[in-house]
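# below are the sequence and a predicted model; questions follow.
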Amino acid sequence: MDLLKVYKLWDIEPVRGLGTQLWDKDGVEYTDLYGGHAVISIGHCHPHYVKMLSEQARRLGFYSNAVQNSLQKELASRLGRAAGMEDYTLFLCNSGAEANENALKMASFKTGRGRVIAFRGAFHGRTSGAVAVTDNYSIQAPYNRNHDVTFVHLEDVEEVERELSRRDCAAVIIEGIQGVSGIHEPSDAFLRKLRELCDIYNTCLILDEVQSGYGRSGNFYAHQRSGVRPDFVTSAKGMGNGFPIGALLCAPHIKPETGMLGTTFGGNHLACTAALAVLDVIESEHLIENAARVGEYFRKAFEGDAAIAEYRGRGLMIGLEIKPEFAGLRDRLLFEEHFFTGAAGPSVIRLLPSLTITEETAARFVASWKKLTGQI
């Protein structure tokens, strides 16, 4: 049996990691500025994370949600304090797509409605409901297109209100910062207007913070800069630093009935331990502040850069739209300078490094970038 061919793979196999550094099976060292799609929030193999997971694995790795699990309650309390959302309640699952599925389901239960408004450029996952609200026709099977979803343009208040005025929408779902489309951020004013319109038309507001959350933007969740309080917030990726975990945060007025949601693996002992270790490190090492500081370093370092058509993003969620003459730069950064980066189409390089990244590491990357683009 072979693997299903669903990914285009580089001929590189990382086998060891520490902080922002990776080593492949041949011993070649790389600097990771992508973190596996923003998953590695506190660095590879952080000693505290490794210690906590190892100790928990020796005690108990798993039991079902049919019994008490105090680690879940501890995580809910800690996450509430860290995010400033102590009056929200928490449902734990396994991934961002699953978190978004449950948010959409809960919004439909809450409102009794079936239609959803999503945004052009959105990516919310690959499971049935999540991919239906993802603006990528090529990954939607005909089955997924049976969902009642309307796509509107980011920042177009009139278009949103026109759709909401039909009074059949269960939810508006929006990313704190769009990632896959190339790092596009809704304005604070637009988010506040969405909240106002959702209140007027009795529609739930879902903030997808799967990629933009957990301190990456310089706020715990990117939308919090606007002061908006969503009905639902979804979280995953950096939450477990590589251990699969997702979360649905529900505003105080959301009151699910017993049995309305469920999961086998969600909130298991190892997953909760991983998430608690991540919060420990974020807090003790002041990583949200570091994300803001190093993000500002990147912004200033790339001001006026000859290869960049536009710099987008906030904190350590960065999109560098490169000019056409610099096509192929991402591969050169990897194979010549040994920096892992992400992409959004052929023209945007995405930087999503660990929140532990130092200005020294950022400076090395900028120097390599300048060298490859002929600016030094």
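That came through fine. Just so you know, these numbers come straight off a predicted model, no measurement behind them.

# what about the spatially most central residue of the chain, which SS state?
Centroid check for the chain by C-alpha atoms, centre = their mean gives Q211 as the closest residue, at 0.8 Å. State at Q211, reduced to three classes by DSSP: H, G, I helix; E, B strand; the rest coil: coil.

# which pLDDT value goes with it?
Q211 carries a pLDDT value of 98.

# which one is it nearest to, not counting chain neighbours?
Leaving out its chain neighbours, the residue that sits closest to Q211 by C-beta to C-beta, 6 or more residues apart in numbering is G179, at 4.3 Å. In this view, the C-beta of every residue, glycine as well, is placed from N, C-alpha and C.

# same check, this time on A76
Using C-beta to C-beta, 6+ apart, the closest residue to A76 is L90 (4.2 Å).

# so that neighbour, which state does it fall into?
Here L90 is recorded as strand under three-state DSSP.

# if we look at the sheet, which residues does it bridge to?
Following DSSP bridges, L90 is listed with bridge partners L249.

# you'd agree it is up against G246?
No - look at L90 against G246 with C-beta atoms under 8 Å: they stay out of range, at 10.9 Å.

# the two: who's more crowded?
G246 (28 against 19; other C-beta atoms under 10 Å).

# what residues sit buried inside the strand or helix carrying C198?
Assigned by DSSP states H and E, C198 falls within helix 188-200. For helix 188-200, the neighbour count (16 or more other C-beta atoms under 10 Å) marks 190-191, 193-195, 197-198 as buried.

# likewise stretch 282-293?
Applying 16+ other C-beta under 10 Å to stretch 282-293 flags 282, 285, 287-288, 290-293 as buried.

# among these, which lie within helices?
When DSSP state H defines the helices, the subset of these inside them is 282, 287-288, 290-293.

# now render those as CSV, adding distance to K5 and pLDDT.
CSV is the format used below for those (distance: C-beta to C-beta, whole Å; pLDDT from 0 to 100):
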residue, distance to K5, pLDDT
I282, 37, 98
L287, 37, 98
I288, 39, 98
N290, 39, 98
A291, 36, 98
A292, 40, 98
R293, 42, 98
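
# now, which of these sits nearest Q140?
Closest to Q140 out of these is A291 (33.1 Å), distances taken as C-beta to C-beta.

# just after the helix or strand encompassing R16, pick out the following helix or strand.
Using DSSP H and E, R16 maps to strand 14-18. As assigned by DSSP H and E, the chain's next helix or strand after strand 14-18 is strand 21-24.

# can you list the buried residues in that following strand?
21-22.

# ok so, going back, can you tell me which of the buried residues of helix 188-200 is nearest E303?
F190 (25.6 Å).

# now do the strand or helix carrying V50, average pLDDT.
Per DSSP H and E, V50 falls inside helix 47-59. What helix 47-59 shows for mean pLDDT is 98.

# and the angle from that helix to strand 14-18?
110 degrees (axes from the mean of the first three to the mean of the last three C-alpha atoms, to 10 degrees).

# what comes into contact with helix 47-59?
Helix 47-59 is contacted from outside by 42, 241, 243, 269-270, 273-274, 276-278, 280-281, using C-beta atoms under 8 Å, 6 or more residues apart in numbering.

# show me what secondary structure element comes after it.
Sequence-wise, the next helix or strand downstream of helix 47-59 (DSSP H and E) is helix 70-83.

# which residues touch that next one?
Here helix 70-83 has contacts from 85-90, 92, 220-221, 224, 247, 249, 267, 269, 272-273, 275-276, 279, 282-283, using C-beta under 8 Å, 6+ apart.
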